[in-house]
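**Q** model the following, please.
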Amino acid sequence: MKKLFLLMMLIISITSIQSPSAYAHTNNSEGYSLIEVNGNNLDYELKIDLTELGHSMNKEMTEKQYFDTKAVQDYINSHIELYVDSVKVEGTIEKSDVEMINDRQFAVINLNYELEQKPQKLILDYNMFLDDSDPSHANYATIKLDGKQQEAILTYESRELEIGEISFFQATTQFLMLGLEHIFTGYDHILFVISLLFGAKTIKNILALVTAFTIAHSITLVLATLEIVQLPGRFVESAIALSIIYVALINIFNPESKHQSWLAFGFGLIHGFGFAGILSEMRLEGSQLATSLLSFNIGIEIGQLIIVSLVFPILLWLRRLTFKPVKWIIPGTSVAILAFGLVWFIERAF
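**A** Next up is the predicted model:
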């Protein structure tokens with residue numbers, strides 16, 4: 001019996017010597033966060049247990065070789081969500097080091113977040129290790145913003161730290177510009193609107209189409225943002241591509257047809273879910289939600305009006321020309337739009 005006991009102890013000793021310490025689970029690991037806003041820059045000093053970092057990333061972490069910077073940066077950005085005035089931002093590792101804290105090695109990671117302007121509100125959503133390797137992990141966090149300081153211990157049950165408040169003016173301006181940016185960088189939405197204009201014969205007709213499209217996408221934008229009705233992103237994006245294909249085909253094979261308001265309304269419902277996608281990435285709450293939604297939607301409408309005011313007069317002018325090849329401009333352009341729609345549908349559906 002004594003020999004068996006000694007043999008077991010010998011096996012355990014050998015196993016513990018051969019097992020890489022980097023993969024040993026630490027349990028009750030600790031971390032420290034210091035976030036400071038300096039003008040348009042946000043600096044985040046993150047200190048986390050080096051062994052636990054390796055365990056979570058399934059990589060060997062030692063003082064000499066723990067930095068595959070890109071992998072660590074991607075891991076941090078996916079597990080620490082930082083919202084600046086409701087907009088999610090991601091950090092870039094500026095410097096890294098290893099230091100001893102309580103006889104343990106800690107990775108000291110300095111991240112920089114470049115901001116467009118000095119923020120008024122910060123929200124930290126912390127998920128390092130909590131779901132991956134150590135539910136008992138705790139992070140002692142401090143946020144400093146505009147002379148204010150907020151502190152908290154972030155744990156499995158309490159992962160969020162918030163400081164500051166967005167002013168009404170900033171929220172309105174920010175989301176108005178965001179709506180404008182979204183419509184002008186949403187090339188699928190732009191091509192759909194242009195395709196609708198190809199089938200508008202009069203100013204009254206274009207007003208009816210734009211109004212129907214606006215009402216429809218406003219309805220689903222609100223429903224999706226409030227999470228009352230939600231559809232899979234792949235389905236929504238594929239359906240938006242199909243809407244472009246459908247209207248383009250009408251313009252190709254029946255270029256003299258007049259688009260009806262029901263067409264704009266029906267497809268507008270789908271496009272509204274697409275507009276809502278960007279808002280789902282933000283932290284909108286309370287009165288701020290209503291202000292932000294309204295401002296964002298107004299930004300989209302202003303963008304649409306700019307597109308209509310630029311494109312529709314050109315279309316009216318082209319229709320009045322008697323030069324025969326002009327008749328092929330709308331069908332020819334619609335073929336190009338159809339090609340874009342087909343490519344987008346294949347990319348999004350498969």
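
**Q** show me where the stretch 101-250 of the chain has strands.
**A** 104-114, 121-126, 138-145, 148-154, 160-164 (DSSP state E, counting those that start in this stretch).

**Q** between the ones you listed, which gets nearest to residue 295?
**A** Residue 295 lies closest to strand 121-126 among those, at 15.9 Å (C-beta to C-beta). For every residue, glycine as well, the C-beta is placed using N, CA and C.

**Q** just name the most buried of the strands of the stretch 101-250 of the chain.
**A** strand 121-126 (a mean of 21; mean count of other C-beta atoms under 10 Å).

**Q** please save the CA atoms from that one in CSV.
**A** In CSV, the C-alpha atoms belonging to strand 121-126 read as follows (Å, rounded to 0.1, in the frame of the first residue of the first chain):
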residue,chain,number,x,y,z
LYS,A,121,-20.6,59.4,-22.0
LEU,A,122,-18.7,56.1,-21.7
ILE,A,123,-20.0,52.6,-21.1
LEU,A,124,-17.6,49.7,-20.5
ASP,A,125,-19.0,46.1,-21.0
TYR,A,126,-16.4,43.7,-19.7
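
**Q** show me where pLDDT drops low in this structure?
**A** Residues of the chain meeting the criterion pLDDT under 70: 1-27, 62-68, 280-288, 322-326.

**Q** which residues does residue 303 contact?
**A** 179, 180, 182, 183, 184 (C-beta atoms under 8 Å, 6 or more residues apart in numbering).

**Q** at 6 Å what do you get?
**A** By C-beta atoms under 6 Å, 6 or more residues apart in numbering, the contact set of residue 303 is 180, 183, 184.

**Q** next step: those residues restricted to helices.
**A** Those of those mapping onto helices are 180, 183, 184, per DSSP state H.

**Q** what's the local residue count around the first one?
**A** Residue 180 has 18 neighbours, counted by other C-beta atoms under 10 Å.

**Q** in the longest helix seen in the chain, what counts as buried?
**A** Identified as the longest helix of the chain according to DSSP H is helix 286-320. For helix 286-320, burial by neighbour count (16 or more other C-beta atoms under 10 Å) applies to 288-289, 291-297, 299-301, 303-304, 307-308, 311-312, 315.

**Q** ranges for the helices of the protein?
**A** 2-18, 50-57, 69-79, 168-185, 187-198, 203-225, 233-253, 261-279, 286-320, 329-349.

**Q** which of these sits most buried?
**A** The stretch of those with the highest mean neighbour count (mean count of other C-beta under 10 Å) is helix 50-57, at a mean of 23.

**Q** what is the nearest of the ones in helices among the contacts of residue 303 to residue 248?
**A** residue 183 (19.3 Å).

**Q** which one of the strands of the stretch 101-250 of the chain lies closest to residue 216?
**A** Set against residue 216 and scored by C-beta to C-beta, the strands of the stretch 101-250 of the chain come closest in strand 121-126, at 32.1 Å.
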